[in-house]
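Novice: need the 3D shape of this:
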Amino acid sequence: MSQTHPHTHHHGASPGHHHERDSAGQAEILDLDAEVLAEHTASITASLPLRNGPHHVVDLGCGTGAGTFALLDRFPDAYVTAVDMSAEHLRRLRAKACARGVEERVRTVQADLDAAAWPDLGSPDLIWASASMHHMTHPERALRTVRDTLAPGGLFAVVELAGHPRFLPENAPQGSPGLEDRVHAAADRRQAEHLPHRGADWGPMLSTAGFTVEDERTITVNIEGDRGEAIGRYALGVLSRIRGAVADELSPEDLTALDQLLDTADPRGILRRDDLTVRTERTVWAARRA
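Specialist: Below you'll find the predicted structure:
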């Protein structure tokens with residue numbers, strides 16, 4: 001994976017040993033993402049403008065199952081088809097489903113959603129795509145395929161994060177205040193080359209694809225770091241992946257300061273801080289097939 005966003009879902013990556021190793025590392029971040037943002041994800045599933053409880057849900061770019069399990073919890077009579085390109089992500093998702101006793105309600109499908117032809121996903125009542133649409137090389141084609149896949153009257157929910165989550169106070173770390181802003185700016189520049197649809201307004205594209213957009217809302221995420229050590233591990237994972245992509249764009253001073261933060265043995269490292277928060281925004285579009 002060449003992108004730095006922790007929510008990449010491998011729609012176009014090539015298979016192989018490096019890919020699966022990278023996928024395993026990313027899977028750990030996706031698991032932490034699911035844990036830290038669980039309440040926000042649950043609130044999004046509760047706010048969808050559904051006419052009836054869905055029977056069949058498709059989770060596009062499911063990762064390790066953050067959306068899948070939120071949807072299974074929200075809709076106890078539904079089953080979910082979880083779609084992702086990464087075999088490692090789907091393996092983890094299946095293991096979680098077995099551990100939770102819901103394996104009968106989950107079907108996994110390994111597929112590249114940038115392919116011209118998608119596998120048969122049935123006629124779901126609800127399709128969910130969280131932090132996955134901006135990875136599509138041809139999103140207009142993907143949106144039309146989603147529309148054709150949905151049952152008449154079915155709902156498509158698109159959830160996107162406003163870039164990388166932030167963790168540090170503005171004046172941190174000591175000696176390099178504003179480091180996180182500079183690191184994120186470098187990551188944003190790098191990602192603009194690879195992910196032109198990141199941060200896109202999906203409303204007009206959904207309308208062009210034949211959907212009726214029934215709801216659009218932006219949810220502010222601000223989670224205090226004293227709610228568990230998962231936030232520290234989440235911050236470590238996200239910033240480590242960003243470092244791997246932007247090290248050559250940072251000044252030597254900023255790279256040294258970042259490496260100190262990422263040093264798990266350093267008393268000034270990110271895992272030892274008690275002032276972390278998770279700050280980002282999520283925008284949700286709910287669009288119906290006529």
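
Novice: which residues in this protein form helices?
Specialist: Per DSSP state H, the chain carries helices over the ranges 17-36, 38-47, 66-74, 87-100, 139-149, 179-194, 202-208, 230-246, 252-262.

Novice: and those helices: which comes nearest R289?
Specialist: Of all these, helix 139-149 sits nearest to R289, with 5.4 Å by CB to CB. For glycine as for every other residue, the C-beta is placed from the backbone atoms N, C-alpha and C.

Novice: pull the residues that contact that closest one.
Specialist: The contact list for helix 139-149, computed with CB atoms under 8 Å, 6 or more residues apart in numbering, reads 58, 60, 113-114, 116, 118, 121-124, 127, 129, 133, 136, 156, 197, 200, 205-206, 208-211, 289.

Novice: go again using 10 Å as the cut-off
Specialist: 11, 58, 60, 113-118, 120-124, 127, 129, 132-133, 135-136, 138, 154, 156, 158, 196-197, 200, 202, 205-211, 287-290 (CB atoms under 10 Å, 6 or more residues apart in numbering).

Novice: so where's the stretch 151-290 of the chain shaky on pLDDT?
Specialist: 191-199, 225-228 (pLDDT under 70).

Novice: next: the stretch 1-150 of the chain.
Specialist: 1-25.

Novice: still on that earlier bit, deepest of the helices of the chain, which one?
Specialist: Among the helices of the chain, ranked by average contacts under mean count of other CB atoms under 10 Å, first place goes to helix 66-74 (a mean of 23).

Novice: just the CA trace of it, in CSV.
Specialist: Extracted in CSV, the C-alpha atoms of helix 66-74 (Å, rounded to 0.1, in the frame of the first residue of the first chain):
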residue,chain,number,x,y,z
ALA,A,66,-15.9,-2.2,11.9
GLY,A,67,-19.0,-1.5,9.9
THR,A,68,-20.0,-5.2,9.5
PHE,A,69,-20.3,-5.8,13.2
ALA,A,70,-22.0,-2.4,13.9
LEU,A,71,-24.6,-3.3,11.3
LEU,A,72,-25.1,-6.8,12.6
ASP,A,73,-25.6,-5.3,16.1
ARG,A,74,-28.0,-2.6,14.8
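
Novice: which ones are touching the nearest residue to L206 once chain neighbours are set aside?
Specialist: Leaving aside its sequence neighbours, L206 sits nearest to A287 (CB to CB, 6 or more residues apart in numbering; 4.4 Å). Contact analysis of A287 by CB under 10 Å, 6+ apart lists 49, 127, 143, 146-147, 150, 154-158, 202-203, 205-207, 209-216.

Novice: coming back round to it: what's the closest of the helices of the chain to E224?
Specialist: Closest among those, using CB to CB: helix 230-246, at 8.4 Å.

Novice: and the closest one, how far out from the chain's middle?
Specialist: The gap between the average C-alpha position of helix 230-246 and the chain average comes to 14 Å, counting by CA atoms, centre = their mean, to the nearest Å.

Novice: other SSEs contacting it?
Specialist: helix 17-36, helix 179-194, strand 211-224, helix 252-262, strand 277-289 (3 or more CB pairs under 10 Å, 6 or more residues apart in numbering; DSSP states H and E).

Novice: and A245, which of those is closest to it?
Specialist: Going by CB to CB, the one of the helices and strands packed on helix 230-246 nearest A245 is helix 179-194, 5.6 Å.

Novice: direction-wise, compare the closest one with helix 252-262 and give the angle.
Specialist: 100 degrees (axes from the mean of the first three to the mean of the last three CA atoms, to 10 degrees).

Novice: make sure V58 is actually in contact with I127.
Specialist: Yes: using CB atoms under 10 Å, V58 makes contact with I127 at a distance of 4.6 Å.
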